[in-house]
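>>> take a look and give me a structure for this.
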Amino acid sequence: MPATTPFSRFTETCRALESTTKRTEKVTHLIEFLKSLSANEVIPAVSFLIGRPFPESDPRVLDVAGQTLWKMDRKRAQASLVSKPVTILEIYDTFDKIASASGPGSRQRKENLVDALLSRLPDADAGYLIRIIFGEMRIGAVEGVVLDAIAGATRSKPELVRRAYMLLGDVGGVAELALFRGSEALREIGVTLFVPIKPMLAEMAQDVEEVFKEHDGVTALEFKYDGARIQIHRKNDEIRIFSRRLTDVTSSLPDVIQLATQHVRSKEFLIEGEVVAMGKNGKPLPFQDLMRRFRRVHEIDEMVREIPLKLFLFDIIFLEGKLLIDTPYEERWSILEGLTDANLLANRVISRDPGEAQKLMEASIQAGHEGLMAKDLKSTYTPGVRGKKWFKIKPFEKLDLVIVAADWGSGRRRGWLSNYHLAVREEKTGEYLVVGKTFKGLTDEEFIGITKKLLGLKTRETDYTVHVKPSIVVEVAFNEIQRSPHYKSRFALRFARITRLREDKRPDDGDTLERLQGLYEDQFRYKALADF
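A predicted model of the protein is given here:
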């Protein structure tokens with residue numbers, strides 16, 4: 001089949017998805033659309049559906065200013081429309097050219113390329129193009145729905161499709177394999193070194209008793225370090241390191257490469273750990289100092305001396321040709337323990353005693369860390385999945401929220417965007433729903449920096465409020481969750497304050513409305529529920 005699917009066919013599907021809230025109907029529309037595509041159209045089309053110009057593992061960015069884009073769209077001259085339809089691949093190729101533009105005059109070249117595309121699209125289609133560029137499709141084509149459609153279109157088992165996605169980390173790549181090579185190709189997917197996999201995730205525990213109950217009375221307790229999670233891949237003499245967001249950070253971490261080279265006794269592995277920035281007193285430095293290491297691309301040696309890192313390894317996923325995700329955690333730890341020095345391993349005990357867990361929690365906090373991780377000894381490794389096989393235990397509750405707008409400050413904060421609209425993501429629709437505002441928690445320097453970032457993400461503005469592309473994730477502490485008629489989410493956080501910027505997280509890594517609902521309900525194990 002020739003690769004000539006018009007972009008209008010894509011937008012028709014988007015409108016159909018928006019017209020229904022029923023998951024089964026969304027899946028049906030997607031199945032029909034996926035079956036209509038040629039092989040080289042699948043990855044671009046699926047990427048567009050989930051609101052990405054490029055596949056998830058692709059590091060390219062368009063870097064097109066939101067304000068400029070909206071101005072272009074408003075000024076589009078309908079007289080310039082041409083009869084030849086724009087295809088999905090034409091848009092993908094144009095995105096490639098936009099991302100590749102660099103050097104003097106690159107900003108104008110990017111704008112010219114976008115302008116040329118917009119001039120060839122009718123209003124109904126241009127709106128979706130802008131949504132893709134902004135990463136805000138909001139049509140209900142979240143990853144889970146698309147994966148169900150891939151399974152339906154190829155008559156594959158849903159669990160096989162999801163496992164393939166966990167390992168491949170790219171829903172478009174899974175779709176292409178399933179549609180044109182069949183279910184057998186999905187079964188053959190394993191770990192490919194130097195292609196990062198989605199990390200296994202943990203649920204938040206309300207207390208240590210919940211952990212022991214879920215883990216049948218015995219659990220492995222590890223320090224929850226106040227650092228950054230990394231994957232270390234090695235094959236022979238090549239080592240590459242990826243962040244939690246699956247970004248290649250190898251060049252910023254030469255000291256970690258040296259540790260892995262000298263102290264992990266294998267030449268083919270994928271191991272996971274946490275790196276922590278350490279101060280001169282042996283205590284962890286603030287998370288923002290650690291992020292300076294991850295962002296640094298020049299004068300690395302100076303930064304290594306200024307911000308030394310300590311590595312704590314806690315899991316192994318692949319070793320010398322063998323995939324270990326179906327191996328119980330207890331065995332994976334034993335394998336890791338036999339490969340490296342004890343001082344590179346996470347602080348860990350196996351316990352049956354909640355009292356011992358509480359003492360270890362206090363030791364973690366006193367050491368400058370966040371709390372504990374609790375891991376079921378029998379648990380397999382499920383990439384990208386959050387569940388009760390792993391728990392986070394912290395002494396107070398926090399949420400990772402996304403800034404979707406900000407108000408201009410007054411008084412001392414005049415001239416800064418300093419009252420932030422905080423949102424959770426609704427999993428079914430992908431929509432970001434506000435749960436409160438806060439101006440608390442940031443320093444003057446952080447107010448200035450975040451104002452610059454938000455203005456670069458602006459999509460529209462009123463007299464007092466700048467609405468932005470959901471991009472910046474912040475960790476927010478709060479006193480309690482309350483019902484609220486003022487927000488579409490129907491919830492509000494009481495006494496919210498920002499505790500840190502989460503530059504290691506993408507917007508879709510933030511907490512969900514479903515998690516917020518669960519936390520709200522859990523509050524009433526200890527409080528009375530009003531009867532009105």
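>>> show me what contacts the residue nearest to I91 when sequence neighbours are not counted?
Nearest residue to I91 in three dimensions, chain neighbours excluded: F7, at 5.8 Å (C-beta to C-beta, 6 or more residues apart in numbering). Bear in mind the C-beta positions are built from the backbone N, C-alpha and C, glycine included. Applying C-beta atoms under 8 Å, 6 or more residues apart in numbering, we find F7 in contact with P85, V86, T87, I88, E90, I91, L121, D125, Y128, L129.
>>> do you know how far F7 is from S266?
Computed as C-beta to C-beta, to the nearest Å, the F7 to S266 distance reads 48 Å.
>>> still on that earlier bit, weed out the non-buried ones from the contacts of F7.
Buried by 16 or more other C-beta atoms under 10 Å: V86, T87, I88, E90, I91, L121, D125, Y128, L129, out of the contacts of F7.
>>> got CSV for those, with pLDDT, distance to R348 and secondary structure too?
As requested, those are exported to CSV (pLDDT from 0 to 100; distance: C-beta to C-beta, whole Å; DSSP: H, G, I helix; E, B strand; the rest coil):
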residue, pLDDT, distance to R348, secondary structure
V86, 94, 55, coil
T87, 96, 54, strand
I88, 97, 49, helix
E90, 96, 53, helix
I91, 96, 49, helix
L121, 91, 56, coil
D125, 91, 54, helix
Y128, 92, 49, helix
L129, 92, 50, helix
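>>> just name the closest of the residues you listed to I241, please.
I241 lies nearest to I91 out of these, by C-beta to C-beta, at 33.2 Å.
>>> which residues touch that closest one?
Per C-beta under 8 Å, 6+ apart, neighbours of I91: F7, P44, F48, L117, L129, I132.
>>> what count of nearby residues applies to the second one?
Around P44 there are 27 other residues, counting by other C-beta atoms under 10 Å.
>>> phi first, then psi, for it.
With angles defined as degrees, to the nearest 10, P44 sits at phi -60, psi -50.
>>> check what pLDDT it gets.
According to the prediction, P44 has pLDDT 97.
>>> from the chain's centroid, how far away is the helix or strand where A16 lies?
Assigned by DSSP states H and E, A16 belongs to helix 7-18. Here helix 7-18 shows a centroid-to-chain-centroid distance of 26 Å under the convention C-alpha atoms, centre = their mean, to the nearest Å.
>>> buried residues, whichever helix or strand comes after that helix. List them.
Once helix 7-18 ends, the next helix or strand along the chain (criterion: DSSP H and E) is helix 23-35. Of all the residues in helix 23-35, those buried under the rule 16+ other C-beta under 10 Å are K26, V27, H29, L30, I31, F33, L34.
>>> which residues touch the first one?
Think K26. K26 makes contacts with L17, T20, G140, A141, V145, A149, as judged by C-beta under 8 Å, 6+ apart.
>>> how about 6 Å then?
K26 sits next to L17, G140, V145 when contact means C-beta atoms under 6 Å, 6 or more residues apart in numbering.
>>> check the second one too.
Counting by C-beta under 6 Å, 6+ apart, V27 makes contact with D148, A149, G152.
>>> quick one: which of those has the most company?
Within the contacts of V27, neighbour counts (other C-beta under 10 Å) peak at A149, which reaches 25 neighbours.
>>> hang on, it in a helix?
Yes: assigned with DSSP: H, G, I helix; E, B strand; the rest coil, A149 falls within a helix.
>>> so, low pLDDT: which residues of this structure?
1-3, 65-83, 288, 410-412, 523-532 (pLDDT under 70).
>>> show me how the record splits it into domains.
7-184, 201-393, 398-525 (automatic domain parsing).
>>> adding distance to K437, write the buried residues of helix 23-35 out as CSV.
Formatted as CSV, those follow (distance: C-beta to C-beta, whole Å):
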residue, distance to K437
K26, 32
V27, 36
H29, 36
L30, 36
I31, 41
F33, 39
L34, 40
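>>> next, give phi and psi for the residue nearest to R352 when sequence neighbours are not counted.
Distance criterion C-beta to C-beta, 6+ apart; nearest residue to R352, sequence neighbours excluded, is V218 at 5.0 Å. Note on V218: backbone dihedrals following degrees, to the nearest 10 are phi -140, psi 140.
>>> mind checking the end-to-end distance for stretch 360-380?
24 Å (C-alpha to C-alpha, to the nearest Å).
>>> identify each buried residue in that stretch, please.
Within stretch 360-380, the residues scored as buried using 16+ other C-beta under 10 Å are 360-361, 364-365, 368-377, 379.
>>> wait, which of the residues you listed is closest to L401?
Relative to L401, the closest of the buried residues of stretch 360-380 is E370; by C-beta to C-beta it sits at 17.3 Å.
>>> got the contact list for the closest one?
Counted by C-beta under 6 Å, 6+ apart, E370 has contacts K224, D226, K394.
>>> out of those residues, who's the most crowded?
Going by other C-beta under 10 Å, K224 tops these with 22 neighbours.
>>> beta partners of that one?
Per DSSP bridges, the residues bridged to K224 are G371.
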